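Participant: after the sequence you'll find the predicted model.
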Amino acid sequence: MNRTLVVLLVFGLASQDLFSQRITGDTTYKQPYRPQYHFSARANWINDPNGLVYYDGEYHLFYQYNPFGIHWGHMTWGHAISRDLVHWQELPPAIAEENSTMIFSGSCVVDKANTSGFGQDGRVPMVAIYTGAQPGNQSQHLAYSLDKGRSWIKYTGNPVIDLKQKDFRDPKVFWYEPAKHWVMIVSLPTDKKALFYKSSNLKDWTKASEFTAPDSPATIWECPDLVEVPVDGTMERKWVLLLSMGNNGPAGGSGMQYYVGRFNGSAFVNESKPGEVRFVDWGKDYYAAVTFNNLPRRGNRGAISISWMNNLQYANDIPTSPFRGAMSLPRELRLAKVPTPATHYELRQLPIQELKPLLSTSFQWTGTDVAQLNESILNNGLLGDTYCLQLELEATKTGVGVRVKKEEASKGKGDETVIGYDPSRQQVYVDRSRSGNVSFKKEFPGRFTAPLKPQNGRISLQIWVDRSSVEVFGNDGEVTLTNQIFPKPTSKGIEFFGEGLRSVLIRSVEPIWK
């Protein structure tokens with residue numbers, strides 16, 4: 001069969017016009033709940049990040065997108081680009097729903113050697129590998145771009161893998177250099193299996209192995225990713241398998257878990273302790289995180305991931321308009337080698353260094369008098385909208401922490417999101433029970449915790465507060481908690497509490513939409 005024939009998608013200038021016509025309403029990025037330094041589309045529904053890839057000076061963020069409305073449906077790949085992973089430019093949608101086939105999640109690679117044959121006249125193809133979703137069947141498809149992702153051509157030989165199954169989705173593809181072949185990891189969600197395939201040309205795939213873990217509490221596995229990650233303080237690298245859980249996440253509803261092990265180009269060998277579930281994030285709103293392909297080499301830097309900041313329990317119901325859905329901050333992923341009780345590896349995550357230019361030092365404090373600290377904050381007018389907090393806590397003292405997005409005139413009954421540490425349970429927590437609008441779904445309000453042991457008697461917390469989210473990183477990324485919040489626009493107070501607070505640094509975060 002001649003598979004060189006192509007069908008050019010109707011994008012380019014025409015798609016730009018259609019895209020502009022679909023975007024209506026207030027798109028100024030100034031809505032009360034509009035994230036100011038997290039990515040969100042100008043309008044309409046978004047969910048899973050897709051096709052994260054770097055090519056020729058640009059970071060590409062594709063994502064599940066509904067061009068026609070604010071709820072899930074008509075899945076298409078939305079598209080944004082950035083030169084610094086911080087400031088994003090939204091482009092017209094990339095790969096469109098067509099002939100009852102929706103474009104579900106997937107990945108993107110830069111085929112430098114033109115193994116696919118899609119390259120023309122010396123132009124290197126970007127190749128997207130995605131799930132084509134039809135009623136009753138999901139299969140894996142290809143599309144390619146010769147103009148840095150601005151227009152896409154669907155491969156006429158699609159699908160490249162079809163198991164004739166209803167649930168078979170979310171391929172992540174990467175180049176495995178030691179064996180010089182492509183690897184695809186793709187999910188059989190309801191079977192909780194990750195399948196591994198190999199290919200020399202991205203078109204013809206051979207099944208190599210599969211992975212499952214009966215001890216996983218998930219109801220389904222989605223959006224798998226396998227990435228090699230450096231181990232801090234060593235020359236060692238290990239493979240991390242990321243899996244999104246459709247339910248039974250640590251805070252209820254959807255979430256993510258991970259395994260650490262070895263990979264030989266064909267099979268993943270799990271080295272995590274049997275029966276021990278390791279969660280990527282302990283908050284309510286961290287799902288479908290995947291890592292970038294083709295990152296430029298910069299020393300021993302870790303992998304970089306982005307997640308959808310939402311939960312399947314209420315994603316269709318959050319009170320935002322004309323947009324619905326946002327992405328997490330990009331995170332650098334590394335591993336720590338932990339010697340006790342038996343030597344094992346644990347994930348560490350921190351916001352990327354590229355965010356630093358957004359920060360300015362606003363206020364710094366050290367001491368023990370929290371009342372004086374709160375008075376200083378009021379006197380300095382530190383009632384910000386978007387900021388980053390760094391706290392050092394003495395872990396043996398009574399419960400200690402901070403109330404953010406606090407309603408100043410509330411007298412204890414208005415908006416507030418509480419982030420703190422409970423020394424008796426050795427837990428860091430985020431309580432959004434009174435964080436603002438919590439009534440749109442019963443699963444939204446709550447208090448969410450993560451285990452965190454002191455380091456030399458101290459706990460450090462890095463807290464990123466945006467208009468509608470709080471991301472917490474405990475003890476240099478040992479645990480993270482990501483949660484959405486929807487406070488009143490006037491709820492901007494910051495109030496510290498507890499006897500164990502020892503230092504505070506408050507830095508404002510500049511908006512990325514200017």
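Facilitator: Perfect, I can see it now.

Participant: nearest spatial neighbour of the residue most central in space within the chain, skipping sequence neighbours?
Facilitator: The chain has S307 as the residue nearest its centroid, 1.1 Å off, counting by Cα atoms, centre = their mean. Of all residues beyond its chain neighbours, the one nearest S307 is A289 (3.4 Å), with distances taken as Cβ to Cβ, 6 or more residues apart in numbering. To be clear about C-beta, it is placed using only N, CA and C from the backbone, and glycine gets the same treatment.

Participant: what helix or strand is that neighbour on?
Facilitator: In this structure, A289 is located in strand 287-291 according to DSSP states H and E.

Participant: for the next helix or strand after that strand, give me every contacting residue.
Facilitator: As assigned by DSSP H and E, the chain's next helix or strand after strand 287-291 is strand 303-308. Identification of contacts with strand 303-308 by Cβ atoms under 8 Å, 6 or more residues apart in numbering yields 39, 46-49, 52, 61, 63, 85, 225, 227-229, 240, 242, 256, 281, 286-292, 295, 325, 327-333, 349, 352, 482.

Participant: strands - which of these land there?
Facilitator: Applying DSSP state E to those, the entries found in strands are 46-49, 52, 61, 63, 225, 227-229, 240, 242, 256, 287-291, 331-333, 349, 482.

Participant: against P178, how distant is the closest residue to E271 other than its chain neighbours?
Facilitator: The shortest distance from E271 to any non-neighbouring residue, by Cβ to Cβ, 6+ apart, is to G261 (4.3 Å). Distance of G261 to P178, computed by Cβ to Cβ, to the nearest Å: 16 Å.

Participant: neighbour count: these two, which is higher?
Facilitator: Neighbour totals were compared for G261 and P178, and G261 leads with 17 against 8 (other Cβ atoms under 10 Å).

Participant: how much space separates that one from W239?
Facilitator: Applying Cβ to Cβ to G261 and W239 gives a distance of 6 Å.

Participant: intersection of neighbour lists for those two?
Facilitator: Common neighbours of G261 and W239 (Cβ under 8 Å, 6+ apart) are F268.

Participant: pLDDT (mean, whole number) over stretch 310-324?
Facilitator: Mean per-residue pLDDT for stretch 310-324: 97.

Participant: got a list of contacts for that stretch?
Facilitator: The contact list for stretch 310-324 (Cβ under 8 Å, 6+ apart) reads 24-27, 31, 33-34, 40-47, 70-72, 246-247, 249, 252-254, 284-285, 287, 325-326, 437, 440-441, 443-444, 468, 484, 486.

Participant: now restrict the residues you listed to buried residues only.
Facilitator: In terms of neighbour count (16 or more other Cβ atoms under 10 Å), the buried residues within those are 31, 33-34, 40-47, 70, 72, 246, 249, 253-254, 284-285, 287, 325-326, 437, 444, 468, 484, 486.

Participant: ok, back up a step: hey, what's the residue nearest to E271 bridged with?
Facilitator: On the basis of DSSP bridges, G261 is bridged to W239, N270.

Participant: next up, the contacts around it.
Facilitator: Residues in contact with G261, defined by Cβ under 8 Å, 6+ apart, are K238, W239, L241, F268, V269, N270, E271, S272.
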